[in-house]
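K.L.:
Show me how the following folds:
(2 chains)
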Amino acid sequence: AQSVTQLGSHVSVSEGALVLLRCNYSSSVPPYLFWYVQYPNQGLQLLLKYTSAATLVKGINGFEAEFKKSETSFHLTKPSAHMSDAAEYFCAVSETGGFKTIFGAGTRLFVKA
Amino acid sequence: NAGVTQTPKFQVLKTGQSMTLQCAQDMNHNSMYWYRQDPGMGLRLIYYSASEGTTDKGEVPNGYNVSRLNKREFSLRLESAAPSQTSVYFCASSEAVGTRTGELFFGEGSRLTVL
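P.N.:
Numbering: from 1, shown residues only, chains lettered A, B, ... in the order given. Below you'll find the model as predicted:
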């Protein structure tokens, strides 16, 4: 069975600092990997996704993630945090041949002025 | 473009009462899903419908039933609500590209409290 682990339920950074949110997955086949963002009282929206075309994936709002097969990781980064980045972020993996997306527990990002 | 619309947004039930959460999408997507979100647990799949006319159980189906009414609509029913079903419920849809799940498009959520 596929699974996703997000390291750190809360991450706090200063405005302008690097954002690094960690995600590790388990899968017996090449997966589809996703990062979603959830702003308060809203649904989730896609930040970026990995579909095997390129290991470095660029998303919206300046975020990017790198797929590292050897480390089974898909960490999310942004060079310079903005106050508007404060939200909850979810890493997710998609199962081959199925219609189920498995989500990590989420990481809440706080941005300090 | 409305995307995925869920109703109601808020609901308070007493233990044992029943209710139905409605979901509709206007993106002509084949696949639809119901998730629940609980603090520290991420989103867990309750039921999904790969295509019109089919439904399947997800990770946490107990206490729920679903109906794929047509291609646009997918409802979730709680027959006898329990306090453990207090949660935020999200409906989502996707095109289901090939045999893999594509990007999910989410509604804004329905916050349910069971007393």
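
K.L.:
Can you get me a residue count around the residue in chain B positioned nearest to chain A?
P.N.:
The nearest approach of chain B to chain A comes at B:F106, 3.4 Å away (Cβ to the nearest Cβ). Glycine gets a C-beta too; all of them are placed from N, C-alpha and C. The number of residues packed near B:F106 is 22, by other Cβ atoms under 10 Å in any protein chain shown.

K.L.:
My understanding was that it contacts B:V88; is that so?
P.N.:
No - shown here, B:F106 and B:V88 do not form a contact pair, counting by Cβ atoms under 8 Å, at 11.1 Å.

K.L.:
so what strands line up beside the worst-scoring helix or strand of chain A on mean pLDDT?
P.N.:
The helix or strand of chain A with the poorest confidence is strand A:101-103; it has a mean of 88 (mean pLDDT, DSSP states H and E). Strands flanking strand A:101-103 in the sheet, each with its direction: strand A:87-94 (antiparallel) (DSSP bridges).

K.L.:
With just CA atoms, put the strand it pairs with into CSV.
P.N.:
Provided in CSV are the C-alpha atoms of strand A:87-94 (Å, rounded to 0.1, in the frame of the first residue of the first chain):
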residue,chain,number,x,y,z
ALA,A,87,-1.5,28.0,5.0
GLU,A,88,-1.6,24.2,5.4
TYR,A,89,0.2,22.1,2.9
PHE,A,90,-0.5,18.5,1.9
CYS,A,91,1.7,16.1,0.1
ALA,A,92,-0.2,13.3,-1.8
VAL,A,93,0.5,10.2,-3.8
SER,A,94,-1.6,8.6,-6.4
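
K.L.:
Which positions in that strand come out as buried?
P.N.:
Buried residues in strand A:87-94, counted by 16 or more other Cβ atoms under 10 Å in any protein chain shown: A:87-94.

K.L.:
I'd like the residues you listed laid out as TSV, including pLDDT and distance to B:K57.
P.N.:
Output for the buried residues of strand A:87-94, formatted as TSV (pLDDT from 0 to 100; distance: Cβ to Cβ, whole Å):
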residue	pLDDT	distance to B:K57
A:A87	96	30
A:E88	96	26
A:Y89	97	28
A:F90	96	22
A:C91	95	24
A:A92	92	19
A:V93	89	19
A:S94	82	18
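
K.L.:
List the residues that contact the residue nearest the centre of chain B.
P.N.:
Of all residues in chain B, the one closest to the mean position by Cα atoms, centre = their mean is B:W34, 2.4 Å from it. Listed by Cβ atoms under 8 Å, 6 or more residues apart in numbering or on different chains, the contact set of B:W34 reads B:21, B:23, B:45-48, B:58, B:64, B:66, B:74, B:76, B:89-92.
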